[in-house]
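In: Any chance you can model this:
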Amino acid sequence: MGNFGIWVLTICLLFQSGYGFYLPGSYPHKYVVGDPLSVKVNSLTSIDTEMPFSYYSLPFCKPAEGVKDSAENLGELLMGDRIENSPYRFKMYANESDIFLCQSDKLSPDNFKLLKERIDEMYQVNLILDNLPAIRYTKKDGFMLRWTGYPVGVKVQDVYYVFNHLKFKVLVHKYDETNVARVMGTGDAAEVIPTMGNEGSDLPGYMVVGFEMVPCSVMHNVNLVKNLKMYEKYPSQIKCDSTTVSMPIKEGEPIVFTYEVAFEESDIKWPSRWDAYLKMEGSKVHWFSILNSLMVITFLAGIVLVIFLRTVRRDLTRYEELDKEAQAQMNEELSGWKLVVGDVFRAPSNPALLCIMVGDGVQILGMAVVTILFAALGFMSPASRGTLLTGMLFFYMILGIAAGYVSVRLWRTIGCGDHKGWVSVAWRAACFFPDSSGNSSSKVPILAVSAWCWNSTFRYPFH
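Out: Numbers count the residues shown, from 1 in each chain. Next comes the predicted model:
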């Protein structure tokens, strides 16, 4: 008993000496006025095609320090996400307007053709600030719709226009509380959750709770920016009107990119900053309808199952009481499924394949159930990109043990306890479905070669 108490005390001390963590995976970052904010870019995506491309595959401005990849997990790589740094730079609570970003090189025939293709395919530019995707608001039929990202350009009367000016609005929430644990609503953990931030984090600061933007197509005077450097002020005032476009793309001519940023204090608190993304068009989940449908299906299936079991049990009992002669006389009177009653419990023609598919079915079902459970508990929130797919792959591999057990157990049941062949069944159960995403030894090379040929971010990196 004394040793048990010592072990319990040791475990408690270990937990007490560790740091707590916030389930969604994104930790709050507190900024003071003047702290730098860096905007990141993700892959170009389209609602028309499934092939993502790198942001810098188009003639956009590049950061002065060079393009650098952000840390990515396996799920992000498989989904085609490529998060990189961008030339957009902000300072906390410092409003800036008419900022010159860069002037691209003259559009070559290839770049001109590529821009037109991306506009025709409705590709979107995805920006990220403090792990929040940029939101764009549009009005349709009197309703305000939310979208992530903005289109590369638009086609109007056979003329292609590009959005070369971005109007950013950063929503921030001021916190006078210096302890991040209380900011997150976990005051009991105030002593175990460390404060992240820059030096001077003991002072009250701001947290980013929203990132909005308005893309505009503005005609710039190329002659005015010849001697300008990045982040210098544009010589004239820029009027951003999202309802009009005025910057057509032409072969052999450069594109001038500018931006502006404004900060606005908001009542939204940090734990609620993802609520705006959950209210987007198409993201609503009708949980009541889903539960109602599941209850109705379960109830009807239960009724059918009870009736079926009672009928089968009564018929089997009656057949067992009949002798062979009486049953032979009744064969002519049998109809329906009772004609095949003798074949119901016979051994399958290919028992190994049946065992393998049942085992892999248990594996996939278990993966789905466990993944949904962890997602419901908050371990796989949208704040942590790629976690859902990474978790699915991890659970699928772990549940391979269950697949092997179920396959071998069913094999022994069919074989009446015979131990022969169980190793072959277990091995084939592990190799029958290579992974939960459906990639097989024949599909992977085809997909990889296709992605490399199209220069898509779906290709598997080797660095």
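In: how far is the longest helix belonging to the chain from where the chain is centred?
Out: Criterion DSSP state H: the longest helix present in the chain is helix 287-321. Remark: helix 287-321 is offset 38 Å from the chain centroid, using CA atoms, centre = their mean, to the nearest Å.
In: correct me, but Asp241 touches Pro215?
Out: No: here Asp241 lies out of contact with Pro215, judged by CB atoms under 8 Å, at a distance of 11.0 Å. No exception for glycine: its C-beta is placed from N, CA and C like everyone else's.
In: quick one, which of those two is more surrounded?
Out: Neighbour count, other CB atoms under 10 Å: between Asp241 and Pro215, Pro215 has more, with 22 against 13.
In: Now do the helix or strand encompassing the more buried one: distance to the chain's middle.
Out: Assigned by DSSP states H and E, Pro215 belongs to strand 205-216. Put simply, strand 205-216 sits 21 Å off its chain's centre (CA atoms, centre = their mean).
In: cool, stretch 425-432 as well?
Out: Taking CA atoms, centre = their mean, one finds stretch 425-432 lying 30 Å from the centre of the chain it belongs to.
In: which other residues reach that stretch?
Out: 352, 355-357, 359-360, 400, 403-404, 407-408, 411 (CB atoms under 8 Å, 6 or more residues apart in numbering).
In: Now the buried members of the residues you listed.
Out: The neighbour-count test (16 or more other CB atoms under 10 Å) applied to those identifies 352, 355-356, 359-360, 400, 403-404, 407-408, 411 as buried.
In: Among the residues you listed, which pair sits farthest apart?
Out: Across those, the longest distance by CB to CB is 17.5 Å; it joins Ala352 and Gly400.
In: so what's Gly153 bridging to?
Out: Val162 (DSSP bridges).
In: hey, what's in contact with both of Asp241 and Pro215?
Out: What both Asp241 and Pro215 touch, as defined by CB under 8 Å, 6+ apart, is an empty set.
In: Secondary structure class of Ile38, three-state.
Out: Just to correct that, residue 38 is Ser rather than Ile. Recorded secondary structure, Ser38: strand (DSSP: H, G, I helix; E, B strand; the rest coil).
In: next one: Phe263
Out: Per three-state DSSP, Phe263 ends up strand.
In: mind listing what it touches?
Out: 92-95, 169-170, 172.
In: Narrow these to those in strands?
Out: Of those, the ones assigned to strands by DSSP state E are 169-170, 172.
In: So which of the residues you listed is the closest to Val152?
Out: The closest of the ones in strands among the contacts of Phe263, once distances to Val152 are taken by CB to CB, is Lys169, at 20.9 Å.
In: show me where the chain has helices.
Out: Going by DSSP H, the chain shows helices at 2-17, 74-79, 109-120, 180-183, 275-278, 287-321, 324-330, 351-376, 387-398, 400-414, 422-432, 443-453.
In: Quick one: mean pLDDT over the fifth one.
Out: Helix 275-278 shows an average pLDDT of 76 in the prediction.
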